[in-house]
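J.: Any chance you can model this:
(2 chains)
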Amino acid sequence: MQLSAVNINTANLSAKNITFYYDHNKKLIKNLNLNIKQGEIIGIMGPSGCGKTTFAKILAGYYKPIEGIVLLDGNPLPIKGYNPVQLIFQHPEKAINPRWQMKKTLQEAGMLNSELMVKFGISESWLNRWPNELSSGELQRFCIIRALNDKTRFLIADEITTMLDAITQAQIWHNLIELIEKRNLGACIISHDLELLKRLCTKIINFQEINSQA
Amino acid sequence: MTEIELGLLDNFENNFKFNSFKFFKKQLLLEVEDLYLSFIQYERGLRKKEIKVLNGMNLNVYSGEIVAVIGSSGSGKSLLAHSIMGILPRNSKLSGKIKFKGSILNIKNLEKLRGIKIALIPQSVNFLDPLIKVGKQARFSPNSYYPLEELRKIFKKYNLNTDVEKLYPFQLSGGMARRVLIATAMISDAELIIADEPTPGMHSEAVKQTMKEFRQIANSNKGLILITHDISSVLDYVDRIAVFYSGTTLELTTAENFKKGVDFLYHPYTKALWQALPSNGFNVLEGFQPLASDINSGCPFAQRCNLATEKCFKNFPHMQVIDNIQVRCFYAA
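T.: I've put the predicted structure just below:
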């Protein structure tokens, strides 16, 4: 999959010729290209250890690629201020400050008192709890809505429902997809569950096919 | 009740296919009957409060079979495992019966059984002691150490070579750590094995491999309880399914029925669970699972059930047996 020059007029998130490694003898991601248009939901599959999570972190600006660049509408990701590319992590218990009450986590993202809380089933009483007093499924709902600020334009979801049962998984995805469509966001969903991706995505990509290292 | 029950004969024949190399007599290993569990907490000063967490748990496990325990987080799956192993915190109050091979399990005989006849495969590598080499840890037994030859034999079986014995847990990869955990449980030759969510985050090939290993364990006439929420990927390897909700067992059904489809399931919650799978409709059931302590009377599922009547909100339904399926619903038939 080779990308042509980025068209600045179409809103998109594109990863261009990304190379990344933790150990320079073993390149994890090599010359990877991916383009996500606004309004598009892309699913990514691949065996564990092939670099999906690392790639998700690169897309959202958490890691700087060793070679290549991530462009949002043709520009690099902003260094200051709100990042319009938001990542929802696989392990919510590791992504939330354990010494903050839940309401502070939402306040930080400017998402307190929103109607989204009702939609994703967060009850008012949870706001005063500490993260260790909630289950990972409950924490994940906080992680999802804190990524849904109005300024968010692209969502990267890295295995966000593996810890949930089928009914809660369906609930969360129905709400999230509805919201993505309503706001015309772009999304990249990483999962091992092909059936789930078939339900959600407009396009499914095998990570090893776009990663020339594998 | 150690002999095989008449009604389970069909299932028995199915299992016999798996056990083609050896004939085993099917035996009732574990019986959990109407288990209630609550935690006692201090509210303010010396005033105590009882928080109900398990509310009517039923489960039985025969030798040679895998029983999958499914339910959302907070439904009491892990607490049941901890109740069986006797590793609950001190402030817990347990009532109901847990029987192992016909005799009631209490703390006294549990100490003789766990680690020897009953083993737990914990959820993650975090359960290994980070400061002890894995070879030594795997040899721990309640009384002394298992002999080294035994360890080598079991490590070889799970593709762990002798170098692994000398490694510390942080030096293992995820897959290796899981095999060490399984080996640690298997070295004891336990008859009942409880595996607590062994597969999340693994890709489908690795899940299949793990499940094949579990199937092999079960085929050597052992009973296995598999706690999971990923039904679709384990369905092909398990014999029966127990569905938990808010600390209550709602249905004990067979994997066959679950595969056949929604018409072969009895409880409305099990049906909703089936329909919510991405492969079967991906339908949403409105509402959220209540906490066991918030339910004062009636069926825990009543609020979200479309069949619920006044009776469901008032009375707690008892387990009914329909065609060898146990179900806790007034309107199951």
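J.: Quickly find the element holding B:E31.
T.: Take DSSP states H and E as the rule and B:E31 turns out to sit in strand B:28-44.
J.: Backbone dihedrals for residue 66, both of them.
T.: Reading this off chain A. phi -70, psi -40 (degrees, to the nearest 10).
J.: um, chain B though
T.: phi -110, psi 130.
J.: Pull the contacting residues for it.
T.: Residues near B:I66 by Cβ atoms under 8 Å, 6 or more residues apart in numbering or on different chains: B:F214, B:R215, B:A218, B:L224, B:I225, B:L226, B:Y237, B:V238, B:D239, B:R240. Just so you know, the C-beta spots here come from the backbone N, C-alpha and C atoms, and that holds for glycine as well.
J.: Which residue, other than its chain neighbours, is closest to the second one?
T.: It refers to B:R215. Closest residue in space to B:R215, ignoring its immediate chain neighbours: B:Y237 at 5.1 Å, by Cβ to Cβ, 6 or more residues apart in numbering or on different chains.
J.: Hmm, the one you found is touching B:I217, no?
T.: No - applying Cβ atoms under 8 Å, one finds B:Y237 not in contact with B:I217, separated by 11.0 Å.
J.: Quick check: bridge partners of the residue positioned nearest the centre of chain A?
T.: When Cα atoms, centre = their mean is applied to chain A, the residue found nearest the centroid is A:I156 (1.7 Å). Beta bridges link A:I156 to A:L87, A:C188, judged by DSSP bridges.
J.: now chain A, which segments are flagged as low pLDDT?
T.: A:1-10, A:213-214 (pLDDT under 70).
J.: Chain B contacts on that one?
T.: Residues of chain A lying near chain B by Cβ under 8 Å from any Cβ of the partner chain: A:46-48, A:90, A:121, A:135-138, A:159, A:162-171, A:173-174, A:192-196, A:198-199.
J.: which parts of stretch A:76-86 are buried?
T.: A:L77, A:N83, A:P84, A:V85, A:Q86 (16 or more other Cβ atoms under 10 Å in any protein chain shown).
J.: got it, and stretch A:112-123?
T.: Neighbour count says stretch A:112-123 has A:L112, A:S114, A:L116, A:M117, A:K119, A:F120, A:G121, A:I122 buried, by 16+ other Cβ under 10 Å.
J.: got a markdown table for the residues you listed, with secondary structure and distance to A:K203 too?
T.: Shown next, in a markdown table, are these (DSSP: H, G, I helix; E, B strand; the rest coil; distance: Cβ to Cβ, whole Å):
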| residue | secondary structure | distance to A:K203 |
| --- | --- | --- |
| A:L112 | coil | 35 |
| A:S114 | coil | 30 |
| A:L116 | helix | 27 |
| A:M117 | helix | 31 |
| A:K119 | helix | 26 |
| A:F120 | coil | 26 |
| A:G121 | coil | 29 |
| A:I122 | coil | 31 |
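J.: For residue 145, grab the count of nearby residues.
T.: Let's take chain A. 23 (other Cβ atoms under 10 Å in any protein chain shown).
J.: my bad, the chain I had in mind was chain B
T.: When neighbours are counted by other Cβ under 10 Å, B:Y145 registers 12.
J.: Pull the distance from stretch A:186-195 to the chain's centre.
T.: 10 Å (Cα atoms, centre = their mean, to the nearest Å).
J.: Show me which pair in the buried residues of stretch A:112-123 is furthest apart.
T.: A:L112 and A:G121 (16.1 Å; Cβ to Cβ).
J.: which element follows the longest helix along chain B toward the C-terminus?
T.: Taking DSSP state H as the criterion, chain B has its longest helix at helix B:204-219. For helix B:204-219, the following helix or strand on the C-terminal side (DSSP H and E) is strand B:223-227.
J.: Are there helices or strands packed against that following strand, and which ones?
T.: Counting contacts by 3 or more Cβ pairs under 8 Å, 6 or more residues apart in numbering or on different chains; DSSP states H and E, strand B:223-227 packs against strand B:28-44, strand B:47-62, strand B:66-70, helix B:77-85, strand B:192-196, helix B:204-219.
J.: mind checking how far A:I145 is from A:Q86?
T.: Using Cβ to Cβ, to the nearest Å, we find A:I145 at a distance of 11 Å from A:Q86.
J.: elements contacting the helix or strand encompassing B:I182?
T.: Here B:I182 sits within helix B:174-186, counting by DSSP H and E. If contacts are counted by 3+ Cβ pairs under 8 Å, 6+ apart, helix B:174-186 sits against strand B:118-121, helix B:134-139, helix B:148-157, helix B:204-219.
J.: Could you report the neighbour count for the closest residue in space to B:N315 that isn't next to it in sequence?
T.: What sits nearest to B:N315 in space, not counting adjacent residues and going by Cβ to Cβ, 6+ apart, is B:G298, at 6.3 Å. Neighbour count of B:G298, defined by other Cβ under 10 Å: 17.
J.: Then A:I189?
T.: 27.
J.: what's near enough to touch A:H24?
T.: By Cβ under 8 Å, 6+ apart, the contact list for A:H24 is empty.
J.: measure the most far-flung residue of chain B relative to its centre to chain A for me?
T.: In chain B, the residue that sits farthest from the middle, by Cα atoms, centre = their mean, is B:G45; the gap is 37.5 Å. Per Cβ to the nearest Cβ, to the nearest Å, B:G45 is found 21 Å from chain A.
J.: What residues sit buried inside the strand or helix carrying A:L139?
T.: Take DSSP H and E as the rule and A:L139 turns out to sit in helix A:136-146. Within helix A:136-146, the residues scored as buried using 16+ other Cβ under 10 Å are A:S136, A:G137, A:E138, A:L139, A:Q140, A:R141, A:F142, A:C143, A:I144, A:I145, A:R146.
J.: how far is it from where the chain is centred?
T.: Distance of helix A:136-146 from its chain centroid, counting by Cα atoms, centre = their mean, is 13 Å.
J.: So what angle separates the directions of the longest helix along chain A and helix A:136-146?
T.: Within chain A, and with DSSP H defining each element, the longest helix by residue count is helix A:166-183. Interaxial angle, helix A:166-183 versus helix A:136-146 (axes from the mean of the first three to the mean of the last three Cα atoms, to 10 degrees): 0 degrees.
J.: list the buried ones in helix A:166-183?
T.: Buried residues in helix A:166-183 (16+ other Cβ under 10 Å): A:166-177, A:179-180.
J.: For the residue in chain A sticking out farthest from the centre, grab phi and psi.
T.: The C-alpha centroid of chain A is most remote from A:N25, which lies 28.4 Å away (Cα atoms, centre = their mean). In terms of degrees, to the nearest 10, the main-chain angles of A:N25 are phi -80, psi -20.
J.: Enumerate the residues of chain B near chain A.
T.: Contact residues (Cβ under 8 Å from any Cβ) of chain B with chain A: B:70-74, B:174, B:200-206, B:229-232, B:272-273, B:276-279, B:282-285, B:288.
J.: Would you write out the ChimeraX command that picks the buried residues out of the residues you listed?
T.: What follows is the ChimeraX syntax selecting those of those that are buried according to 16+ other Cβ under 10 Å:
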select /B:70,71,72,73,74,200,201,202,203,206,229,230,231,232,272,273,276,277,278,282,284,285,288
